[in-house]
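Provided below for reference: sequence and predicted model.
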Amino acid sequence: MSLLSTLREDLAAAKGRDPAARSDFENALVYSGLHAIWSHRLAHAMWERPALRGPARVLAQATRLVTGIEIHPGATIGRRFFIDHGMGVVIGETAEIGDDVLIYHGVTLGGRSMSKTKRHPTIGDRVTIGAGAKVLGPIVIGDDSAVGANAVVTRDVPADAIATGIPASVRHRSGKQHEDLVDPTSYVDPAMYI
């Protein structure tokens with residue numbers, strides 16, 4: 001997939017996941033989450049070349065200064081990833097994130113050790129991680145799962161489950177819990193008329 005196609009998918013993910021999102025042009029200008037992921041995609045490509053790891057780290061830190069979102073260039077992030085209200089997001093070096101993942105502000109995908117091995121979480125496809133959640137260690141969050149706001153998750157979460165609380169407790173999702181809380185196509189933002 002070309003870089004341009006990937007950027008378009010990221011724009012579409014923003015528009016599909018945020019009811020306040022308007023035009024692609026406006027979103028490309030003002031969404032710090034998009035700026036961070038686009039910068040990360042470049043930094044990650046640089047990270048894959050050992051001679052460019054230093055410049056990749058510099059780019060990642062410059063992006064953190066501008067957006068408030070820290071993504072290590074070694075992190076692997078899938079397609080259609082969206083960070084909504086991204087301030088304070090931290091994604092560690094060995095984190096792996098699947099496709100169609102949505103995370104909110106203040107989320108940490110962090111490590112629990114100083115080992116030079118896999119020490120950050122693996123996030124499956126179609127996962128939502130609520131504001132302020134901390135997902136720590138080399139654990140797996142299964143496909144189609146959700147992590148509640150401010151949860152602290154230190155153990156695996158199976159597919160199709162919800163993790164909430166400190167420490168997080170896990171339960172399976174019911175049918176209604178798969179529906180979006182807000183249908184972005186039916187939401188009318190009054191500010192769009194200003």
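Good, I have the coordinates.

from here on, just use CA atoms for contacts and neighbour counts.
OK.

which sections of this protein are below the confidence cut-off?
Flagging of the chain using pLDDT under 70 yields the residue ranges 175-194.

next, count neighbours for G124.
23 (other Cα atoms under 10 Å).

tell me the contacts of it?
97-99, 101, 140-145 (Cα atoms under 8 Å, 6 or more residues apart in numbering).

got the buried residues for the helix or strand where L65 lies?
Counting by DSSP states H and E, the element that carries L65 is helix 53-67. For helix 53-67, a neighbour-count test (16 or more other Cα atoms under 10 Å) marks 53, 56-57, 59-61, 63-64, 67 as buried.

contact partners of the helix or strand following that helix?
Going down the chain from helix 53-67, the next helix or strand is strand 70-71, by DSSP H and E. Outside of strand 70-71, the residues within contact range by Cα under 8 Å, 6+ apart are 36, 40, 60-61, 63-64, 88-93.

on that earlier part again, for the helix holding L65, name the packing helices and strands.
On a contact count with 3 or more Cα pairs under 8 Å, 6 or more residues apart in numbering; DSSP states H and E, helix 53-67 meets helix 32-47, strand 70-71.
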